[in-house]
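Asks: got a predicted structure here, sequence first:
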Amino acid sequence: MTPIPGTSGDVMWANDNNTLFYIVKDHLDRPHKVLRHNIGQQGDDQVVYEEKDEAFYVGIGRSHSEQLLYIHSGSAVTSETSYLSADNPTGNFTVILPRTQDVEYSVSHHPGSNSSSGGGSSGSGGWFLMVYRDPSKPNSELRVAPVDDPSQQKVLLPHRDDVKLEHASVGAKWIVVSERSRAQQSVVIYRVPEGGAVPESLTDGQKVEFEEPAYSLSGGLTGDFDSQVLRLRYSSLTTPPSVYDQRMDTGKRALKKVQPILGGFNKEDYVTERLWATAPDGVQVPISLVYRKGMAKLDGSDPLLLHGYGSYEMPYDPGFNRDQLSLVDRGWTVAIAHIRGGGDMGRMWYEDGKYLKKKNTFLDFVACAEHLIKEKYTSPAHMAIEGRSAGGLLMGAVTNMRPDLFNAVVMGVPFVDCLTTMLDETIPLTTIEWEEWGNPQKPDYYKYMKSYSPLDNVKAQDYPNILVTAGLHDPRVGYWEPAKLVAKLRELKTDNHLLLFKCEMGAGHFSVTGRFERLKEKAFEYGFLLKTAGMLNTKARPGTAAVSKAV
């Protein structure tokens with residue numbers, strides 16, 4: 001078979017094991033077209049779907065029931081899904097719900113019950129479990145609808161202002177729902193009615209939680225469609241990535257795997273906390289942090305690294321990062337600011353940090369930094385901050401706003417010339433990004449974006465020590481953006497602090513390739529942080545597990 005160029009990497013087999021669906025990308029690197037290929041066929045593959053709206057990206061998938069194939073098309077705020085029987089790959093895909101601006105939904109399929117008893121028949125095609133969001137239900141609600149007529153929906157879990165419904169999936173006997181509240185994740189499981197009938201309501205859910213004050217948790221069905229096992233993936237700032245299997249019928253949980261950590265790691269050596277800072281508008285902003293017992297003095301003299309992102313409704317969950325042990329075992333505190341623009345506290349947390357409210361993201365981060373200083377976790381002379389991509393834009397904005405708060409800044413592939421980029425429709429991602437940042441061709445958005453764009457707000461003042469990185473082959477943030485920022489900083493800044501620009505000649509947006517090359521890149525960043533903190537000669541303290549073994 002001749003290689004097919006320009007594919008996105010998404011492929012899906014039909015049940016005949018002969019028909020393959022795949023996706024190709026357009027000139028802007030956008031997955032936009034689904035084609036069907038039959039093994040051994042001659043001639044061109046048939047296009048079964050083409051997305052002509054440049055704000056929408058296309059994906060394909062398969063139901064856990066193994067009965068349906070999906071085509072997903074989505075922009076930043078709108079989605080549409082079509083389905084096809086996996087036993088009929090030459091058929092036509094059927095739209096579940098026609099797209100409506102600012103309405104998103106996702107579905108999971110159950111084959112349903114063939115009997116008329118036990119709650120009623122679901123029809124010949126079964127039923128869809130649907131997570132549905134629109135402007136009046138920003139945190140989404142859970143619905144059920146027959147496959148034969150998805151417009152006939154019933155609400156199973158109504159919208160809640162304080163709980164974000166993130167994901168739901170269904171197996172033969174169980175429904176698994178992932179939720180988020182107050183920057184904390186949980187998983188709730190419910191029974192499917194006997195025989196697979198359509199649920200009338202969901203009650204008596206079993207909530208899966210852990211005891212640490214801040215953690216990362218996801219869960220989903222594993223194995224065959226009729227499996228009784230819930231697979232949980234858990235980690236925290238002190239707990240390495242761990243995999244648990246939990247029997248949904250009995251509630252018994254078994255630890256299956258823990259990522260090994262070298263150096264005598266012992267989670268009992270560390271403390272994780274959840275704090276709340278107050279933003280200028282009175283909103284409470286969560287902070288997660290970790291430090292080592294017996295090393296953190298908590299008197300304002302400890303070095304601290306504060307991470308931030310705050311865009312695209314992406315939560316910055318407090319999961320384990322083994323690289324950061326290199327800092328924590330030298331006496332650093334590592335913290336995460338769960339700021340608006342991310343999805344840490346639900347959909348409205350995101351909405352309050354985008355478009356013409358984007359500055360809330362920056363003000364939240366500054367408030368978190370000030371809170372950590374006030375509570376004596378660190379001081380401006382000992383605080384470093386770090387963010388990548390849109391988090392790099394955050395770094396640039398807050399450094400322009402409050403350079404006095406920070407000793408060092410790491411901007412990774414930073415989106416710092418956002419105004420110019422959003423005006424250029426020939427750059428990949430620009431069109432779809434208008435639904436995140438706004439279209440600066442409109443005067444209100446132009447003026448607002450220019451007021452915070454890092455490149456456009458560099459001025460003659462003292463700046464902290466700054467490391468800026470870029471990738472020559474980055475398709476998301478062109479290397480010229482950070483290069484222009486560094487040039488302007490060199491021209492205008494009034495201090496003698498370090499300003500380093502490191503452009504990886506073989507890297508894209510997501511760092512260099514190869515495990516050891518990535519570690520070298522991280523070591524370079526940590527070397528910068530240690531140098532600017534005056535700690536190049538400070539040795540990392542071994543974990544107590546290593547000490548115990550030695551004894």
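Replies: Looks like it arrived, so ask away. Residues are numbered from 1 along each chain as shown.

Asks: sketch out the low-pLDDT regions of the chain for me.
Replies: Scanning the chain for pLDDT under 70 picks out the ranges 1, 114-124, 546-551.

Asks: please redo it, this time with the cut-off set to 50
Replies: 115-123, 551 (pLDDT under 50).

Asks: for it, what spans make up the helices?
Replies: With DSSP state H applied, the chain shows helices at 325-328, 347-351, 359-374, 390-401, 418-422, 430-437, 443-452, 480-492, 515-532, 544-550, listed in chain order.

Asks: ok, Gln184 touching Ser216?
Replies: No - counting by CB atoms under 8 Å, Gln184 stays clear of Ser216, with 9.7 Å between them. C-betas here are computed from N, CA, C, even on glycine.

Asks: so what's the most centrally placed residue in the chain up against?
Replies: Residue closest to the mean C-alpha point of the chain, counted by CA atoms, centre = their mean, is Met314 at 3.9 Å. Counting by CB atoms under 8 Å, 6 or more residues apart in numbering, Met314 touches Gly342, Gly343.

Asks: give me the distance between it and Met348.
Replies: In this view, Met314 and Met348 are 15 Å apart by CB to CB, to the nearest Å.

Asks: any idea what Trp13 is bridged to?
Replies: Note on Trp13: beta-bridge partners by DSSP bridges are Leu20.

Asks: that one: neighbour count?
Replies: A count of nearby residues for Trp13, using other CB atoms under 10 Å, gives 14.

Asks: is it true that it touches Leu20?
Replies: Yes - between Trp13 and Leu20 there is a contact at 5.8 Å, judged by CB under 8 Å.

Asks: isn't Arg143 up against Pro158?
Replies: No - counting by CB under 8 Å, Arg143 sits too far from Pro158 to count as a contact (9.7 Å).

Asks: more neighbours: which of these two?
Replies: Set side by side, Arg143 and Pro158 show more neighbours around Arg143, with 20 against 10, by other CB under 10 Å.

Asks: residues contacting that one?
Replies: Counted by CB under 8 Å, 6+ apart, Arg143 has contacts Leu129, Met130, Val131, Tyr132, Gln153, Lys154, Val155, Leu156.

Asks: which among those end up buried?
Replies: Buried members of those, scored by 16 or more other CB atoms under 10 Å, are Leu129, Met130, Val131, Tyr132, Gln153, Leu156.

Asks: return the residues in contact with Asp26.
Replies: His32, Lys33.

Asks: swap the cut-off to 6 Å and go again
Replies: His32 (CB atoms under 6 Å, 6 or more residues apart in numbering).

Asks: tell me how far it lies from Val58.
Replies: In terms of CB to CB, Asp26 sits 10 Å off from Val58.

Asks: between these two, which contacts overlap?
Replies: When CB under 6 Å, 6+ apart defines a contact, the residues bordering Asp26 and Val58 alike are His32.

Asks: distance of Asp149 relative to Gly392?
Replies: Applying CB to CB to Asp149 and Gly392 gives a distance of 47 Å.

Asks: what's the answer for Leu129, then?
Replies: For Leu129, the distance to Gly392 (CB to CB) stands at 38 Å.

Asks: what do you get for Gly219?
Replies: Using CB to CB, we find Gly219 at a distance of 32 Å from Gly392.

Asks: more neighbours, the two?
Replies: Gly392 (29 against 23).

Asks: skipping adjacent residues, who's closest to the more buried one in space?
Replies: Pro414 (2.3 Å; CB to CB, 6 or more residues apart in numbering).

Asks: between the helices of the chain, which one is closest to Glu209.
Replies: Checking the helices of the chain against Glu209 by CB to CB gives helix 347-351 as the closest, at 20.6 Å.

Asks: now do the buried residues in that closest one.
Replies: Quick answer for helix 347-351 (16+ other CB under 10 Å): Arg347, Trp349, Tyr350, Glu351.

Asks: out of those residues, who's nearest Pro286?
Replies: Pro286 lies nearest to Trp349 out of these, by CB to CB, at 9.9 Å.

Asks: state the distance from Asp317 to Gln185.
Replies: Distance of Asp317 to Gln185, given as CB to CB: 7 Å.

Asks: same question for Leu405.
Replies: Taken as CB to CB, the span from Leu405 to Gln185 is 30 Å.

Asks: Gln153 too?
Replies: Distance of Gln153 to Gln185, computed by CB to CB: 26 Å.

Asks: what of Gly342?
Replies: 13 Å.

Asks: do the same with Tyr22
Replies: Counting by CB to CB - Tyr22 and Gln185 are separated by 33 Å.

Asks: these two: who's more crowded?
Replies: Neighbour count, other CB under 10 Å: between Tyr22 and Gln185, Gln185 has more, with 23 against 18.

Asks: give me the nearest residue to that one, chain neighbours excluded.
Replies: Sequence neighbours aside, Leu217 is the residue nearest to Gln185 in space, at 4.4 Å (criterion: CB to CB, 6+ apart).

Asks: what do you get for Gly391?
Replies: Tyr309 (4.1 Å).

Asks: can you give me the neighbour number for the one you found?
Replies: By other CB under 10 Å, the residues close to Tyr309 number 25.

Asks: and for Lys297?
Replies: Lys297 has 12 neighbouring residues, counting by other CB under 10 Å.

Asks: repeat for His32
Replies: His32: 22 neighbours (other CB under 10 Å).

Asks: cool, Gly9 as well?
Replies: 8.

Asks: who are the contact partners of it?
Replies: So Gly9 contacts nothing (CB under 6 Å, 6+ apart).

Asks: rerun that using 8 Å as the cut-off
Replies: By CB under 8 Å, 6+ apart, the residues touching Gly9 are Ile23.

Asks: Ser63 touches Ser85, doesn't it?
Replies: No - in this structure Ser63 lies outside contact range of Ser85 using CB under 8 Å: 10.2 Å.

Asks: between those two, who's got more neighbours?
Replies: Each of Ser63 and Ser85 has its neighbours counted (other CB under 10 Å); Ser63 has more, 21 against 16.

Asks: quick one: the more buried one and Pro150, what's the gap?
Replies: With CB to CB as the criterion, Ser63 and Pro150 are 14 Å apart.

Asks: mind listing what Val34 touches?
Replies: Val34 touches Phe21, Tyr22, Ile23, Val47, Val48, Tyr49, Glu50, Val58, Ile60, Ile71, counting by CB under 8 Å, 6+ apart.
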